[in-house]
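Asker: A structural model of the following input is requested.
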Amino acid sequence: MKIVNSSVQKVDGMGLVTGSPAYTDDLVLNNNVLIIKLLRSPHAFAKIKSINISIALKVPGVEAIFTHEDTPKTQFTLAGQGFPEPSPYDRRILDEYVRYVGDPVAIIAAEDEKTAEKAMKLIKVEYEILTPILDFEKAIDSEIIVHPENVHTNFEIGYERERNIASKAYDEKPGVDEGFANSDIILERTYYTQPQMHAMMETYRSYSYFDSNGRLTTVSSTQIPFHVRRHLARALEMPTSKIRVIKPKVGGGFGGKQTAVCEIYSAFVTLKTGKPSKIIYNRKETHTCTTTRHAMRLDIKIGADLDGNIKAIDINTLSNTGAYGEHAPTVTSLVSYKTFPLYEKVPMRFNANIVYTNTMNAGAFRGYGATQGTFAVESIINELAHKLNLDPSEVRMKNLVEPGEGKYITSGDIKKCIEIGKDKFNWDEKFIPREVAPNKIRAAGMAVTMQGSGIAGIDTAAATIKLGDRGDFTLMVGVTEMGQGCDTVLTQIAAEVLEIPMNKIAIHTADTDISPYDPGAYASSGTYVTGNAVIIAANKMREEILKGASKMFNVDINSVEYLGDSIRFEDKTISLEDFAQRSISFEGMNQITTTGTWGGETSPPPFIAGFAEVEVDTLTGEVEVVDYLSVVDCGTPINPNLVKVQVEGGTAQGIGLALLEDIKYDKKGRVISDSLMQYKIPSRIECKNIRVEFSNSYEQTGPFGAKSVGEVVINTPAPAIVDAIYRATKVRVRTLPATSEKILMGILNI
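Answerer: So this is what the prediction gives:
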C-alpha cells in the first residue's frame, strides 16, 4: 500500500468546499454571546490622562466597559514561542500609554455590535499627546523613549530601553576582514525590505465561555493554541489548569496567527462578566492593529576575486519591531541563520539592532527574517555577477555549499536545483534581454534560498494514536492545520506505518485538553517534527497490538504478524476489528493508546532555486512576471500536490513583496493602506505562470525522507524579479516594492 509520496486528496477538502461549519465563528452557538469592540488610540504615542465611561455605560445593552484601571498590571508577550520566551515582556492587556495608532484604550462588551459601537463613541478620553518615532532609522538614541517602563526579559537579548533597542543579534564566520583584504572587487549596497501584511482570508477572532465545570474555554483562529493558553494564564493571573484553548479550522495565518492578537480580550471579558463573548477583527483592524513583516534596512558589503569567488560578506541590519517586541530577537537572527549555511566556505559577519517605533508592531511572517536576508544577500551577489560580467548562476555554482558540507546541510544539493532550473527554465536564452514588442523587454533573474525544518534543539511535538473498537484509529496531534494540509500529511504518515487506508484514521487536532503538546504551526515544523512523532506513535501502536494479541491468544509474540487490517499467528488470522473489539472487552480490558514524542538536534534545510522571467513596459515601468520556476528540494515529498500548492502560494506572496505590497503611513502614524482596496496583493493576473519542479533527496532524520517546505517558498521571488528588472532596464531597485513608478523614474533618470 503506497500512501506516502502520493498526491492524495486533502482529508478535510470536501467539508471545506461544501461549506461545512468549521471555523471559529461557525462554532459560536450561544445566542446571548457578548460582542466585543475595542476603542483604539487615534494617536501614535500618548499617555492617557483620564477616561470617562459613565455616559457610555448608560447605553441600553452595554454589559461592561474596561480600561487600563480595570486590568491586571502583569507584563507579558503575545509571541507564539516556547517557554521561556525570548521576546520581551513589554505589554499589558491595557496600558496607560498607547504606542501606535490603533493601540487599544478600552474594551466594550455589549449585546450586539451596533450597541458596542454606539457606546464606544460616547467614551471620553483625555490624552497627553507625545511625539512619536515613525522612522525606524531615527529610533536609536532618540530623546523619545517608546517604552519608558521597566521591561522583563527572560534572556540576555541586548535590550536597551533608553536607546529604543528591543534586541540585538550577532553572528560571524571567521576571516571576514582577511577576506576583504584579499578581494579584487568590493561592493557596498543598502537594501530596504518593507513591512508586509499577511492578508489571510479569515481575520483574527476568538470566542470565550465558561464550560459546565467552570473552566475558561477560548475558541480561536490561531496557529499556537498551547502558547495561547500560557499567555492567557499569565495575563489573566490564573492557572493554566483552568483554561482550555480549542483551535477549529483556520482560514490562513502565514505567521500572523503565531501572535495571540485578540484572544486576550474575549477571555478577559468572559472572566469578568461570566458570560460568553467574542471578538472579530474587521479587515481594517486586521490591516492596522495586528502584526506585519519586520521592515529592515540591510547594509551589505561583499568582496570577491575577478573570477567571482566570494571572499567575504558583511551584513549590518536595522530592523523595526514597531510598538512591541513580539519575535524581535528571533526574526532578525534568521537573516544570518538562513544565509550563512548556503555559502558555507565564505567568511561572513552579521550585526543587527532591532528597534522600537510608534508603528504597528511586527511579528512572525512566512519566511521569518530569511526572506529579508535572502533579498539582500542574493541581490548583492547578482550585482557582483553583473559587475564582473559573469552569469549569476555560475557565480553561485562557485560559492554555494556542497552536499553534506557544514553542520546544517544533512541532505540535498542546492547546486542540483540550479542545474535542473537552468534546463527547465531555458535560462541561457531567457537571461539575455530581448525586445518582444515595441517598448516591451523581457529578461530573467534568479536567486537561491534555504530555510529549516523546525527549530533545532527547541521544537518538540507529540502524537497520540488510539485503537477504536471497530479496528479504526484516532490520531490526535496538537499541530495546527490552517490550510497547508498538515492534517492530510500526518494522516498519510500514520496510514503508511499502520498499513491501512487513510479513511480508517480520524484526525483530531489542537485542543489543549485532548491533544498532546505541540508548539503549533510555525518554523516549518509540521511535516518534519510532528511527522516524526506520528511515526513513533504508529510504530508503538503496531508493537502494542502484537503484545496484546500475544497475551490474548497465549502465543509467542514472535509468532504474531501484523498485517494492517488483520493479525496472523500460527495457523489463524483474525481481523483487526475483531481484535479491537475483544481488546476493550472484559476479555482484553485494554484500549490501546500510544504516544510518540520527537524533537531533533538538527533542522535540515529545504532548498529552492528560483527563476523569474519578467516583461517590462519601458513607457510605463509596468512589470509582468510571465514565468516563474521554483526547483524545490524538500527531501521526499509526502504529498507532492500539496507541496506544489505551498510553492505556488508562497511564490504569489513573494511576487507581492517584490512588486506590489507596501504599508503606507500618514505623517501622524496612521496606516492609510487599511483595506484590500488600498493594499494590493497579487491576483491570478500577477501570477500567470508559476511552475514547480522537484530535486528529490532523502533526509535521513525526516519522516520517510521528508523535510518541511512551508516557509522557504516565499524567499526567492523578490531578488530574482528585481534582478530580472535590472537585466531588462538597467534600473536597480534596492527598496522594495519595485513599483512601476520607481522603475519608470529609473528609466528616465529622474
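
Asker: got any ranges where this protein has weak pLDDT?
Answerer: Segments of the chain classed as low confidence (criterion: pLDDT under 70) are 1, 523.

Asker: If you count neighbours, what's buried in the lengthiest strand in it?
Answerer: Counting residues, the longest strand found in the chain (DSSP state E) is strand 310-322. Neighbour-count burial for strand 310-322, counted by 16 or more other C-beta atoms under 10 Å, picks out I310, K311, A312, I313, D314, I315, T317, L318, S319, N320, T321, G322. In short, each C-beta sits where N, CA and C put it, glycine included.

Asker: Which one of those is nearest to I465?
Answerer: T321 (40.8 Å; C-beta to C-beta).

Asker: Just the CA atoms of the longest helix belonging to the chain, as CSV, please.
Answerer: Criterion DSSP state H: the longest helix present in the chain is helix 531-553. C-alpha atoms of helix 531-553 as CSV (Å, rounded to 0.1, in the frame of the first residue of the first chain):
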residue,chain,number,x,y,z
GLY,A,531,5.5,13.8,11.3
ASN,A,532,8.4,12.1,13.2
ALA,A,533,6.2,12.0,16.4
VAL,A,534,3.4,10.3,14.4
ILE,A,535,5.8,7.6,13.1
ILE,A,536,6.9,6.9,16.7
ALA,A,537,3.3,6.7,17.9
ALA,A,538,2.3,4.4,15.0
ASN,A,539,5.2,2.1,15.4
LYS,A,540,4.4,1.8,19.1
MET,A,541,0.8,1.0,18.1
ARG,A,542,2.0,-1.9,16.0
GLU,A,543,4.1,-3.2,18.9
GLU,A,544,1.2,-2.9,21.4
ILE,A,545,-1.2,-4.7,19.0
LEU,A,546,1.4,-7.6,18.8
LYS,A,547,1.8,-7.7,22.5
GLY,A,548,-2.0,-7.6,23.0
ALA,A,549,-2.5,-10.5,20.6
SER,A,550,0.2,-12.5,22.2
LYS,A,551,-1.4,-12.1,25.6
MET,A,552,-5.0,-12.6,24.4
PHE,A,553,-4.3,-15.8,22.5
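
Asker: In terms of secondary structure, what does it contact?
Answerer: The contact analysis (3 or more C-beta pairs under 8 Å, 6 or more residues apart in numbering; DSSP states H and E) places helix 531-553 against strand 460-467, strand 473-477, helix 486-498, strand 560-562, strand 566-569, helix 576-583, strand 593-599.

Asker: 10 Å - rerun?
Answerer: Applying 3 or more C-beta pairs under 10 Å, 6 or more residues apart in numbering; DSSP states H and E, we find helix 531-553 packed against strand 460-467, strand 473-477, helix 486-498, strand 560-562, strand 566-569, strand 572-575, helix 576-583, strand 593-599.

Asker: Of all these, which one is nearest A447?
Answerer: Nearest to A447 among the helices and strands packed on helix 531-553 is helix 486-498 (27.2 Å), distances taken as C-beta to C-beta.

Asker: quick one, that closest one and strand 473-477 angle?
Answerer: Angle between the axes of helix 486-498 and strand 473-477 is 130 degrees (criterion: axes from the mean of the first three to the mean of the last three C-alpha atoms, to 10 degrees).

Asker: Now do the next helix or strand after helix 486-498: everything it contacts.
Answerer: Downstream of helix 486-498, the first helix or strand assigned by DSSP states H and E is strand 505-509. Outside strand 505-509, the residues within contact range by C-beta atoms under 10 Å, 6 or more residues apart in numbering are 11-12, 225, 247-249, 463-466, 468, 472-481, 486-488, 490-492, 494-495, 498, 514-515, 518, 521, 530, 534, 538.

Asker: 8 Å - rerun?
Answerer: Residues from elsewhere that reach strand 505-509 (C-beta atoms under 8 Å, 6 or more residues apart in numbering): 11, 247, 472-481, 487, 490-491, 494-495, 498, 514-515.

Asker: Quick one: the strands in the stretch 1-150 of the chain, in order.
Answerer: 34-40, 46-52, 62-66, 97-98, 104-110, 124-129 (DSSP state E, counting those that start in this stretch).

Asker: With distance to R582 and mean neighbour count added, can I get those in JSON lines?
Answerer: Formatted as JSON lines, the strands of the stretch 1-150 of the chain follow (distance: least, C-beta to C-beta, whole Å; neighbours: other C-beta atoms under 10 Å):
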{"stretch": "strand 34-40", "distance to R582": "50", "mean neighbour count": "22"}
{"stretch": "strand 46-52", "distance to R582": "67", "mean neighbour count": "16"}
{"stretch": "strand 62-66", "distance to R582": "55", "mean neighbour count": "21"}
{"stretch": "strand 97-98", "distance to R582": "65", "mean neighbour count": "22"}
{"stretch": "strand 104-110", "distance to R582": "53", "mean neighbour count": "25"}
{"stretch": "strand 124-129", "distance to R582": "69", "mean neighbour count": "14"}
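
Asker: Same list, the ones you listed, but as JSON lines with distance to I584 please.
Answerer: Converted to JSON lines, the strands of the stretch 1-150 of the chain look like this (distance: least, C-beta to C-beta, whole Å):
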{"stretch": "strand 34-40", "distance to I584": "43"}
{"stretch": "strand 46-52", "distance to I584": "59"}
{"stretch": "strand 62-66", "distance to I584": "47"}
{"stretch": "strand 97-98", "distance to I584": "58"}
{"stretch": "strand 104-110", "distance to I584": "46"}
{"stretch": "strand 124-129", "distance to I584": "61"}
